[in-house]
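[1] Sequence and predicted model, in that order:
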Amino acid sequence: SLRAERSTFKDNLSRREGGAIHTATTEEVTLSECEFEGNGPEDPMSSLWGASIHHTGGDLTITKSTFEGETSDRGALHITMESGRVSIEESTFTQNTADMGAAIYFQYGGVGDEVDAVALEISKTTFDQNSAATAGGAISAHEYTRVVLTDVTMTGNEATAEGASGGAIATSGGVVLSGG
């Protein structure tokens, strides 16, 4: 398992998975009051998944954290799960760039077709000026993923390429919106 509190991850580089952190565990990963800035690919031509974090496995909880200026092929956060949930509360994603899901790229990694097999639950969080080329300026979530947004603010996010989709959110799963 991994637990990080009041930690800074700045200008870290990786070639493939997790510019700052890569986790592959069935245990819960918890990050609180962490700052991620300027993390990205070691080589601009490499296909980095998760500029800040590449997470596979158990539940992931992120609270009061910031993700700013992260660059990758798939999200500041790249998450692959077979079951469980990701909870993000009171956090900020600003000026992240990617091909898909500039702030968060979430995919179901299971083999079945269970509806809502995994959940992405976000509350009291801001997504501002994130940019993806093809889909999900802020969030890209794939099938069998339930996305729940409560009191979330999305401003100035964009999907920029010709035929791109979801300036703020691109999903082929279910979305539940509540609050402001």
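    Structure's in. What do you need? Residues are numbered from 1 along each chain as shown.
[2] So I62: helix, strand or coil?
    Three-state call for I62 (DSSP: H, G, I helix; E, B strand; the rest coil): strand.
[3] what sits against it?
    By Cβ atoms under 8 Å, 6 or more residues apart in numbering, the contact set of I62 is T30, L31, S32, C34, L77, V86, S87, I88, E89, S91. Bear in mind the C-beta positions are built from the backbone N, C-alpha and C, glycine included.
[4] And the residue found closest to V176 once you drop the neighbours it is linked to in the chain, what's its pLDDT?
    Excluding its sequence neighbours, the residue lying closest to V176 (Cβ to Cβ, 6 or more residues apart in numbering) is V148, at 4.5 Å. Reported pLDDT at V148 in the predicted model: 92.
[5] what's across from V148 in the sheet?
    Per DSSP bridges, the residues bridged to V148 are E121, V176.
[6] Just list whatever residues bridge to the residue nearest the centre of the chain.
    When the chain is reduced to its mean C-alpha position, the closest residue under Cα atoms, centre = their mean turns out to be I104, at 2.1 Å. Legend: beta-bridge partners of I104 under DSSP bridges are L77, I139.
[7] quick one: contacts for it?
    With Cβ under 8 Å, 6+ apart, I104 has these contacts: G75, A76, L77, I79, I88, F93, L120, G136, A138, I139, S140, A141.
[8] Setting the sequence-adjacent residues aside, check what's closest to the second one.
    Beyond its immediate neighbours in the sequence, the residue positioned closest to A76 (Cβ to Cβ, 6+ apart) is E70, lying 3.8 Å away.
[9] what sits against the one you found?
    G19, F36, E37, G38, N39, G40, A51, S52, A76, N96, T97.
[10] Which of the contacts of I62 ranks first by neighbour count?
    L77 (31 neighbours; other Cβ atoms under 10 Å).
[11] Quick check, that one in contact with W49.
    No - using Cβ atoms under 8 Å, L77 makes no contact with W49, being 9.9 Å away.
[12] Mind listing the shared neighbours of the two?
    Y105.
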